[in-house]
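Student: Quick one: sequence plus predicted model below, questions after.
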Amino acid sequence: MIPARLRDLGAALAAALLVLAAVLVGRHIQSAHHTLFVHWPPLFAEWDPHVGPGTPAAVAVAAAVVAYGPVAAVRLRWRPLLATALGAALAWTWSLALVDGWQRGVAGRLTTRNEYLRVIDRFHDIPAALRGFDDHILSGSPAPWPAHIAGHPPGATLTFVLLDRIGLAGGGWAGAWCITVGATACVAVLVTVRLLADEDLARRAAPFLVLAPAAVWVGASADGYFTAVAAWAVALLALAATGHRPRAAAFGSGLLFGLTCYLSYGLALFALIGAGALVAAGDLLRPVVQGLSGGQVRPVGQVRSGGGARYRPWLGALPFLLVGLAVVPVVFTLAGFDWWEAYHLLIKRYYEGVGGTRPYGYWVWANLACTVLVVGLASAAGLNRAGTALVRRHRLRPGPDRAAAAEARLAVLVLAAVLALLLADLSGMSKAETERIWLPFALWILPSCALLPHPRAWLTAQAVLALLLNHLLLTGW
């Protein structure tokens, strides 16, 4: 049998080779046919080695997290750990964004011709803009929306319209919003992992969530903001599913899930991650874990009542989840926006533009290479460990059995994210630019790194990758 560490290295090597193949094949296709519409395939980026004001801070944050992150994650109390993780994630994301400078890295990101701030003045009458939103999606329509506005439900644009209305106008505030809100996603994932797996795994995942290469695109793209909204929807669902103020948490989760679907059409697939969270939280997972580990497992969602036990506390909160889930769709529908009609119009526009030219045969696998660059080689090794956690069949003693059950629950959550990402890939509606589009899915792959031994070595690989990407390439976001 191949040792686990060699399998980890093999998984990381396979991921690196996938990226190399995507680069080489992509450069050939772009040079010969000019059909990829990216300058440094598979990423939407340009070769531009540079340093900037954020460089010293980025290097310092990376060094500090690698040196002290694993120890701090073990020693700090839980709430101080969450605060520390948030502070470190903010420092990491902001410093990476400022490698490109304030204007190019933050303030100018959301003001380019395809971005949201270009249409703020067209929302002076918000109800009228929503009623007529669908009329401007197709490229041949009168005054068509720029690409990103047409490509998303109006909830995305309305966020920046509302920021403008409260006095936070301009690209600087918009970029700061996306970076700051986006960085909170790591806290949401930590809370979820602690509730659904165990605290030890959440602590071990913390440095990897902080030092994620994904931060390159969280700062500053609107998808970083979308990532945080979707992550908190899952975190609140985990709270409800494990009996922590289930009604309020379920309502809040439904509200955020509904908002998520009105920020990006593709994030409707987040229902799979929500389902994975419910499976991991309740006794639905018990037969799976028992069969794979050979032991008796008490589900996370089980709570004591009298002399017996009851399962799935989230069932009582389900009506609150559904009510919360309905709020945002009802508001937008009453305002005159038809989500389904808009989505079908978007499909037509997508294939009228570069989406109809970009070759599916390349992007269906090159998108996965983009994901490797977002989550890092450590996550490839972590996925190897997550798969192993679900297929182990040998019988364990009671102590290790609990650890195996926690790892299996974490694996369910991670693999639900992988499934959602693969479905998005197969849809053909995300050909290129997935380094930002799939940030909400990719974030949930990172906790698999908690299963890896020698965290400092893997953290170093993650940090080096992010620093190289940000300093050698000028990314589109």
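Tutor: The structure has been received and is ready for your questions. Numbering: from 1, shown residues only.
Student: hey, where'd the helices end up in the stretch 151-300 of the chain?
Tutor: 154-165, 171-183, 185-196, 199-210, 215-218, 222-241, 246-261, 270-281, 286-293 (DSSP state H, counting those that start in this stretch).
Student: For the third one, give the mean pLDDT please.
Tutor: Throughout helix 185-196, pLDDT has a mean value of 98.
Student: So which residues make contact with it?
Tutor: In this structure, residues lying in contact with helix 185-196 by C-beta atoms under 8 Å, 6 or more residues apart in numbering are 78, 81-82, 85-86, 89, 201-202, 205-206, 209-210, 212, 218, 224, 227-228, 231-232, 234-235, 238-239, 241-242, 244, 277, 280-281, 300, 409-410, 413, 443-444, 446-447, 450. The way it works is simple: take the backbone N, C-alpha and C, and place the C-beta from them, glycine included.
Student: cool, and the fifth one?
Tutor: Here helix 215-218 makes contact (C-beta under 8 Å, 6+ apart) with 89, 92-93, 96, 178-179, 182-183, 185, 223-224, 227, 374, 435-436, 439, 466, 469-470, 475, 477.
Student: Alpha carbons of that helix, as CSV, please.
Tutor: Listed next in CSV are the C-alpha coordinates belonging to helix 215-218 (Å, rounded to 0.1, in the frame of the first residue of the first chain):
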residue,chain,number,x,y,z
ALA,A,215,-7.5,36.0,-1.5
VAL,A,216,-5.8,37.1,-4.8
TRP,A,217,-9.3,37.3,-6.3
VAL,A,218,-11.3,38.2,-3.2
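Student: Just give me how far it sits from the chain centre.
Tutor: Mean-position distance between helix 215-218 and its chain equals 10 Å (C-alpha atoms, centre = their mean, to the nearest Å).
Student: Kindly report the same for stretch 173-191.
Tutor: 11 Å.
Student: What of stretch 232-241?
Tutor: From the chain centre to the centre of stretch 232-241 is a distance of 15 Å (C-alpha atoms, centre = their mean).
Student: Equivalent analysis for stretch 126-139, please.
Tutor: The gap between where stretch 126-139 is centred and where its chain is centred comes out at 28 Å by C-alpha atoms, centre = their mean.
Student: So which residues make contact with that stretch?
Tutor: Contact with stretch 126-139 is made by 122-123, 141-145, 150, 154, 158, 161, 332, 335-338, 341-342, 345-346, 348-349, 352-353, as judged by C-beta under 8 Å, 6+ apart.
Student: Quick one: buried ones out of the residues you listed?
Tutor: By neighbour count, with 16 or more other C-beta atoms under 10 Å, those hold 122-123, 145, 150, 154, 158, 161, 332, 337, 342, 345-346, 349 as buried.
Student: for this protein, what spans make up the strands?
Tutor: When assigned using DSSP state E, the strands of the chain occupy the ranges 45-47, 303-305, 308-310, 473-475.
Student: When you filter the contacts of helix 215-218 down to buried only, what's left?
Tutor: Among the contacts of helix 215-218, those scoring as buried are 89, 92-93, 96, 178-179, 182-183, 185, 223-224, 227, 374, 435-436, 439, 466, 469-470, 475, 477 (criterion: 16+ other C-beta under 10 Å).
Student: Low-confidence bits of this protein, can you list those?
Tutor: The chain contains residues with pLDDT under 70 at 283-314, 393-400.
Student: residues contacting the most centrally placed residue in it?
Tutor: Within the chain, the residue whose C-alpha comes closest to the C-alpha centroid is Pro440; the distance, by C-alpha atoms, centre = their mean, is 2.2 Å. Shown in contact with Pro440 (C-beta under 8 Å, 6+ apart): 223, 226-227, 230-231, 260, 264, 267, 270.
Student: go with 10 Å
Tutor: By C-beta atoms under 10 Å, 6 or more residues apart in numbering, the contact set of Pro440 is 185, 223-231, 233-234, 260, 263-264, 266-267, 269-270, 273, 417, 420-421, 424.
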